[in-house]
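Visitor: what follows is a protein structure lacking sequence information:
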């Protein structure tokens, strides 16, 4: 199952029992928890946090309500874990897309495109993100901290720390770039009641913005003097 997959597992008569026999107790527990998360993604993405009841989530996951409490002490605990869990899947998805790319500028272009591809695969993500600040503030802050720190580490590895920006400035740059993804996705991807890839102009404009703006130093070094 790929990092971005959020489809809820369906029952397959005749095979479920044999699969269960081949799994350890820990593996079965992980599988059930995954199904609960996948169901919660769908429920919250379609109905919002306020309507994401334990009964709705367990019904979609195909597990008993009592089983829910073997994994989460209460509904809020699941909601607080939801955005960080989807965020980890997003980071893994993006990480796979930039593997093997040497240029830091090209990596950022690939990250940007991968983010929008992830939205097409997981269209519920932006609603989960935007409502989390009100309904799951603990999870929201955890997600923002995790994503921004991951981003800063990536940029530092690329040589941006100290060469172009101070550490404090680099943190600001990271949040500018994350904010751009948020706003651009709302304006260009979530239209006509569905999620789709934005026009190519969104990608080319962003590439020019970072190549000759944020990543100007890397671009200058690549071109060389004169």
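Guide: Yep, that arrived. Everything quoted here is computed from the prediction, not taken from an experiment.

Visitor: quick one: the helices in the protein?
Guide: Taking DSSP state H as the criterion, the chain carries its helices at 16-22, 25-47, 54-61, 65-71, 75-98, 104-121, 125-135, 137-157, 167-188, 200-209, 216-223.

Visitor: out of the ones you listed, which gets nearest to residue 194?
Guide: Proximity to residue 194, assessed across these by C-beta to C-beta, is greatest for helix 104-121 (9.7 Å). All C-beta spots, glycine's among them, are computed from the backbone N, C-alpha and C.

Visitor: could you say what helices and strands that closest one packs with?
Guide: Secondary-structure packing of helix 104-121 (3 or more C-beta pairs under 8 Å, 6 or more residues apart in numbering; DSSP states H and E): helix 75-98, helix 125-135, helix 167-188, helix 200-209, helix 216-223.

Visitor: next, the buried residues of the second one.
Guide: Residues of helix 125-135 classed as buried: 125, 126, 127, 128, 129, 131, 132, 135 (neighbour count, 16 or more other C-beta atoms under 10 Å).

Visitor: what angle sits between it and helix 137-157?
Guide: Interaxial angle of helix 125-135 relative to helix 137-157 (axes from the mean of the first three to the mean of the last three C-alpha atoms, to 10 degrees): 120 degrees.

Visitor: give me the distance from helix 125-135 to the chain's centre.
Guide: How far helix 125-135 lies from its chain's middle: 12 Å, per C-alpha atoms, centre = their mean, to the nearest Å.

Visitor: who touches it?
Guide: With contact meaning C-beta atoms under 8 Å, 6 or more residues apart in numbering, helix 125-135 is reached by 41, 44-45, 48-50, 79, 82-83, 86, 90, 118-119, 139-140, 143, 182, 185-186, 190.

Visitor: between it and helix 167-188, how big is the angle?
Guide: Angle, helix 125-135 to helix 167-188, by the same axes, to 10 degrees: 120 degrees.

Visitor: what is the mean pLDDT for helix 125-135?
Guide: Across helix 125-135, the average pLDDT comes to 97.

Visitor: can you check the shortest one too?
Guide: Averaging pLDDT along helix 216-223 gives 54.

Visitor: before we move on, back to that, out of the contacts of helix 125-135, which are buried?
Guide: 41, 44-45, 49, 79, 82-83, 86, 90, 118-119, 139-140, 143, 185, 190.

Visitor: out of the buried residues of helix 125-135, who's nearest residue 107?
Guide: Checking these against residue 107 with C-beta to C-beta, the nearest one is residue 125 at 21.3 Å.

Visitor: distance of the closest one from residue 151?
Guide: To residue 151, residue 125 is 17 Å away according to C-beta to C-beta, to the nearest Å.

Visitor: what does residue 79 give?
Guide: From residue 79 to residue 151 the distance is 24 Å (C-beta to C-beta).

Visitor: again, but for residue 200
Guide: Look at residue 200 and residue 151: by C-beta to C-beta, they are 24 Å apart.

Visitor: so for the two, which residue has more residues nearby?
Guide: Under the criterion of other C-beta atoms under 10 Å, the comparison of residue 200 against residue 151 puts residue 151 first, with 20 against 8.

Visitor: isn't the more buried one up against residue 179?
Guide: No. Counting by C-beta atoms under 8 Å, residue 151 stays clear of residue 179, with 11.9 Å between them.
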